[in-house]
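Q: The following block contains a protein sequence and its predicted model.
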Amino acid sequence: MSSRFQAPRGTQDVLPAMQPYWSAINDAILAVTRLYGYRRIDTPIFEAAALFEKGSGDTTDIVEKEMYVFTDRGGEALALTPEATPAICRAYLEHGMGSWPQPVRLYTTHPMFRYDRPQKGRYRQHTQFDCEVLGSGDPLVDAELIGLLWDLYRRLGLKGLQVRLSSIDDPGPRRAYVDRLKEYYRPFLGDLSEDSRRRFERNPLRLLDSKDDRDAPYKSDAPKLVDHLSPPAAAHHEAVTAALAALDIPFVIDPLLVRGLDYYNRTVFEIVPVEDERAQSTIGGGGRYDGLMEILGGPPTPGIGFGCGFERVILEMQKNGVEPAEGPQASVFVVHRGAATAAAALRAVAALRAAGLPALPGEGERSFKSQMRSADASGARVAIILGEDEVARGTAIVKDLRGEGGQREVPLGEVAAAAESLLASFG
RNA sequence: GUGGGCGUAGCGUAGCGGUUAACGCGUCAGGUUGUGGCCCUGAAGAUCGAGGGUUCGAUCCCCUCCGCCCACCCCA
């Protein structure tokens, strides 16, 4: 057992039984992106490692300790994509999308790789639905983007979700705020948790996000970034909240919301189940990144985007009791027995499929009983039975598997038509 | 990376320091002459996660590793 191969840690097989969830999400994505005017883009599974080191920020956890980096045979330093935004921005610059009509709305679904300790809702390979709007700094775009994601969840039947919104200002004013925050915390440094002391040096904004009880007393009185925004960022934030209100999207301002990527400015948001205390429950999040294109060597180009994890959305769907319909099953099962019937069975199955009916052949070596059991297990509603006697007569039996099991004999050439009319009679 | 819990056939479980490790579901095969769903019978299927140690003897005790789960960190 365990000496056999297993899927690598933190990865999983998506078995047939789970595929309806994936299809439901993909269908909903297709519908919603079409309605909102987003066009699909697919970027490579791996990119230059430096793209993420520069783009995501080389002090972020994603880059510092979670990236799958490797050197290929040509000596290139590559990384399995840990997040989509830098890759899509790279594509924007590489293909001159700046000369397309602005803004450019793009989406993708893409596997993401992060070398993290797996737990529920967190995997080393996961799949994200990702949307980016490039070339617009309009706050209405922020609201529209959030609205798209909200719409998606609604279509998937998710309830009890909440948008958490904040603004982390622009880099200059944010630095000023961070200084003020550090001044506030400096006198208490000795009382803080070890983690928070580390944050004080490396990422002071995270101080506000601490879950350690020792830090709690200081959090409430700390100056909040949203309350001290620079005038342009404040106006932007106001406009976003007004737009969300106009769209009837319920949201709360969460001053403690800090996202873990360096490139964010102004709008940041997450969508979470309201009554879920689990740590890994965020099912979508993103923000604005007006400075990223320049970091990547391009012209100043504002942008905003989000990532949404399929696996977590599925967990949420299950929690909500959403059960996507199974895909199409065989509706006709062709039972046959004996060497002389093999060719007729093949032709019957082919004729059924040609008529658009999902059809499955039985295994001619097995008994009729066994094949009929298979027919039942397959979910088929009609069985075609080809015994040696029938084939010799040039006929086949068409049997109703739903009710009492009535059957009739028809000429071989009429099998598909007979099955079709029987299926039609079921309504 | 840190701390804690867990790991018995495909799935869900029982079990005990000592004869052939049990049950349900599932799978396969039968239940008379060529026919499903219910029912009955039978069979296959587990080196009791892996490796090492303690012991006369370990699935059950100890160590290491692997994996899963939970929390932290962080994130989708």
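A: Received the coordinates, thanks.

Q: count of residues packed around residue A:70?
A: 12 (other Cβ atoms under 10 Å). In this view, the C-beta of every residue, glycine as well, is placed from N, C-alpha and C.

Q: what secondary structure does the closest residue to residue A:72 other than its chain neighbours sit in?
A: In space, and not counting its chain neighbours, residue A:72 is closest to residue A:78: 5.8 Å by Cβ to Cβ, 6 or more residues apart in numbering. Under the three-state scheme (DSSP: H, G, I helix; E, B strand; the rest coil), residue A:78 adopts strand.

Q: mind checking how far residue A:78 is from residue A:71?
A: 7 Å (Cβ to Cβ, to the nearest Å).

Q: what's around residue A:227, how many residues?
A: 10.

Q: actually residue A:77, sorry about that
A: 12.

Q: how long is stretch A:113-127 from one end to the other?
A: 9 Å (Cα to Cα, to the nearest Å).

Q: Quick one: distance of it to the chain centre.
A: Relative to the centre of its chain, stretch A:113-127 is centred 13 Å away, using Cα atoms, centre = their mean, to the nearest Å.

Q: Likewise for stretch A:321-332?
A: The answer for stretch A:321-332 is 21 Å, by Cα atoms, centre = their mean.

Q: ok, now stretch A:220-227?
A: 33 Å.

Q: Show me which positions of it end up buried.
A: A:222, A:224-226 (16 or more other Cβ atoms under 10 Å).

Q: cool, and stretch A:414-425?
A: A:415-416, A:418-420, A:422-423.

Q: coming back round to it: what bridges to the residue nearest to residue A:72?
A: residue A:48, residue A:70 (DSSP bridges).

Q: Any idea how many residues pack against it?
A: Neighbours of residue A:78 (other Cβ under 10 Å): 18.

Q: which residues touch it?
A: A:46-49, A:69-72 (Cβ atoms under 8 Å, 6 or more residues apart in numbering).

Q: What sits closest to residue A:386 if chain neighbours are left out?
A: Residue A:386 sits nearest to residue A:336 (Cβ to Cβ, 6+ apart), 4.0 Å away.

Q: right, and residue A:103 touches residue A:131 too?
A: No: between residue A:103 and residue A:131 there is no contact under Cβ atoms under 8 Å: 11.8 Å.

Q: From the neighbour counts alone, determine which of these two ranks first.
A: For residue A:103 versus residue A:131, neighbours defined as other Cβ under 10 Å are more numerous around residue A:131 (26 against 19).

Q: re earlier: the residue nearest to residue A:386 - how many residues pack around it?
A: Neighbours of residue A:336 using other Cβ under 10 Å come to 28.

Q: before we move on, what about residue A:248?
A: 8.

Q: pLDDT at residue A:277, what is it?
A: Per-residue confidence (pLDDT) for residue A:277: 65.

Q: Mind jotting down where the strands sit in the stretch 201-350 of chain A?
A: Assigned by DSSP state E, counting those that start in this stretch, the strands in the stretch 201-350 of chain A fall at A:251-253, A:265-273, A:284-288, A:303-309, A:332-336.
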